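Engineer: Sequence first, then the predicted structure, then my questions.
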Amino acid sequence: MWGAAAALSVAFEVDTKVRAPVTLTFLFVCPGFALVRLLALPDIVAQLSLAIALSLALDVLIPSILLYAGAWSPSAALYTLVGLTAAVGASDLAFKLRRLRAH
């Protein structure tokens with residue numbers, strides 16, 4: 001939901017007072033948290049710490065790849081991160097549903 005809110009706030013050029021907190025919250029937490037959930041760590045503090053670190057790494061990596069590919073755009077970088085986060089979240093959900101059906 002944070003990804004959709006961030007993408008829509010950028011796409012519709014919502015006022016900066018709303019867009020900045022929503023987008024920054026997404027960028028700082030969500031991409032990494034989607035990946036960290038796959039590790040199934042029991043400690044929430046460890047999950048959050050790794051999620052923030054991984055999110056910041058992805059926030060640098062994705063725009064860098066776009067820059068070197070000649071396709072630099074801040075909104076494209078955000079939409080790529082939203083898509084990556086959604087894809088990882090959907091695969092995690094599908095995996096968990098498959099495990100529930102197996103039991």
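Structural biologist: Received it, and whenever you're ready, just let me know what you need.
Engineer: from here on, contacts and neighbour counts on C-alpha atoms
Structural biologist: Fine.
Engineer: Torsion angles phi and psi at residue 13?
Structural biologist: phi 50, psi 50 (degrees, to the nearest 10).
Engineer: ok, how many other residues are close to it?
Structural biologist: Residues lying near residue 13 (other Cα atoms under 10 Å) number 11.
Engineer: Now residue 75: closest residue in space, sequence neighbours ignored.
Structural biologist: Excluding its sequence neighbours, the residue lying closest to residue 75 (Cα to Cα, 6 or more residues apart in numbering) is residue 10, at 7.1 Å.
Engineer: what is the rounded mean pLDDT of the host helix or strand of that neighbour?
Structural biologist: Following DSSP states H and E, one finds residue 10 within helix 2-11. Rounded to a whole number, the mean pLDDT of helix 2-11 is 94.
Engineer: Then stretch 19-28?
Structural biologist: When pLDDT is averaged over stretch 19-28, the result is 96.
Engineer: For that stretch, buried residues please.
Structural biologist: Buried residues in stretch 19-28, counted by 16 or more other Cα atoms under 10 Å: 19, 22, 23, 26, 27, 28.
Engineer: List the ones among those that fall in helices.
Structural biologist: With DSSP state H as the criterion, helices contain 19, 22, 23, 26, 27, 28 from among the buried residues of stretch 19-28.
Engineer: Would you mind putting those into JSON lines with distance to residue 53 alongside?
Structural biologist: JSON lines is the format used below for these (distance: Cα to Cα, whole Å):
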{"residue": "19", "distance to residue 53": "22"}
{"residue": "22", "distance to residue 53": "18"}
{"residue": "23", "distance to residue 53": "17"}
{"residue": "26", "distance to residue 53": "13"}
{"residue": "27", "distance to residue 53": "11"}
{"residue": "28", "distance to residue 53": "8"}
